[in-house]
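Novice: What follows is a protein structure lacking sequence information:
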């Protein structure tokens, strides 16, 4: 995608220049756009170096050939070694039209692929002192057809009447060039979905008042009725007739728009679910130590929760039951330390001072370095369930007639006490026969 976008922007910026893409590691290359037959020799060659040497030998002025060939030596190595993004040299190239040499600027643009050992560039040859500015021109259909979306030149009139277009525009919408000409009279505005036309026209006019570049989004209507979301990037050019033209690059962003719409709907569904649920959703930003809660917290407990400096303030001023605070602080420490998932049951006091049983289920999220940066989870209300369980256990542990602990429960309480008491503490057991 990055390479395709760079080709687009290069064609826009150097509308009348020859553009070549080359992988200097493998030697593979191809011409993205051939401005004139003077650069036809760049097509000949099994690899980039062979093609470039042949071009220099037969098309570049003899006095400039050594300068041009520096591209294959230290000039190129320094370009990548120094991390440069653009570099230019000028030399004379023979013009078959005038039978004389004309000075051209050769600009090398680095394609940053993110791989340090990969050496890919776009090389652009542009005449330094052109005559009258010509109307914007495009690469041949085969080269442009390999790019994304569509490219077209249109007059800056009320209809954006198209003067040139590449095959990708027709393929995008399902029309042939003849159909576009006969059905729409080459009026680009009529290809735009009717509800979007006024806004697209208004945005274009407003942006052109501020400069020569435009960038906007709208929908095109395909032949089969489909709506194609389009990102339109363009530049204003002046033609030899003194009229204004727009060189437009059109990118199909339908899938991106559909993904955005699906995300919006998903968020809405989740919001509805959260509003109907009794559970509290939370998100803890570990680095900033801030917590976001769903609105259910205040509905359930009657006061605002601790949001800032959470890990420091919760152990000091929270409404967590003192007996449950150690496991709660351990949960905070575990999430910050990288434990992927944990759950605990604890008691939290409401605004009336009544402790309510809750269960936290928390999961950590990790960044690219494997470090936890967020913890998200749910706080579920288990108060009724927990109290019902305790009531059943209480009934099971006591004699129905006397309401005293039965033998099994009494033995368990005694063993639990001996297990928890300090070693140096004495103890006595008194048994009363009723």
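Specialist: Arrived safely. Only a predicted model underlies this, so the values are computations on that prediction, with no experimental measurement involved.

Novice: how far is stretch 161-172 from where the chain is centred?
Specialist: With Cα atoms, centre = their mean, to the nearest Å as the basis, stretch 161-172 stands 29 Å off its chain's centre.

Novice: for it, which positions count as buried?
Specialist: Using 16 or more other Cβ atoms under 10 Å as the test for burial, stretch 161-172 gives 161, 162, 164, 165, 166, 168, 169, 170, 172. Any C-beta I mention is one placed from the backbone N, CA and C, and that applies to glycine too.

Novice: so the third one bridges to which residues?
Specialist: Which is residue 164. Beta-bridge pairing for residue 164 (DSSP bridges): residue 153.

Novice: so it touches residue 153, yeah?
Specialist: Yes - assessed by Cβ atoms under 8 Å, residue 164 is found in contact with residue 153 at 4.3 Å.

Novice: Give the closest residue to residue 387 in space, chain neighbours not counted.
Specialist: Closest residue to residue 387 apart from its sequence neighbours, by Cβ to Cβ, 6 or more residues apart in numbering: residue 357 at 7.1 Å.

Novice: following the one helix or strand the one you found maps to, which helix or strand comes up?
Specialist: Using DSSP states H and E, residue 357 sits in strand 355-366. Using DSSP H and E, the helix or strand that follows strand 355-366 in sequence is strand 372-381.

Novice: I'd like the average pLDDT over the following helix or strand past that following strand.
Specialist: Beyond strand 372-381 on the C-terminal side, the first helix or strand identified by DSSP H and E is helix 383-397. The average pLDDT for helix 383-397 rounds to 77.

Novice: cool, and stretch 164-171?
Specialist: Stretch 164-171 comes out at a mean pLDDT of 78.

Novice: Which members of the buried residues of stretch 161-172 are positioned in strands?
Specialist: 162, 164, 165 (DSSP state E).

Novice: Low-confidence bits of the stretch 101-250 of the chain, can you list those?
Specialist: Counting by pLDDT under 70, the stretch 101-250 of the chain has low-confidence residues at 112-117, 129-150, 239-243.

Novice: Repeat the analysis, applying 50 as the threshold.
Specialist: For the stretch 101-250 of the chain, residues meeting the criterion pLDDT under 50 lie at 131-148.

Novice: Strands of that one, start to end?
Specialist: For the stretch 101-250 of the chain, the strands defined by DSSP state E, counting those that start in this stretch occupy 120-127, 150-155, 162-165, 213-221, 227-238, 244-252.

Novice: Of those strands, flag the one that's most buried.
Specialist: Most buried of the strands of the stretch 101-250 of the chain, by mean neighbour count (mean count of other Cβ atoms under 10 Å): strand 150-155, with a mean of 24.

Novice: Show me how far that one is from its chain's centre.
Specialist: Its chain's average C-alpha position is 28 Å from that of strand 150-155, according to Cα atoms, centre = their mean.

Novice: All set now, cheers.
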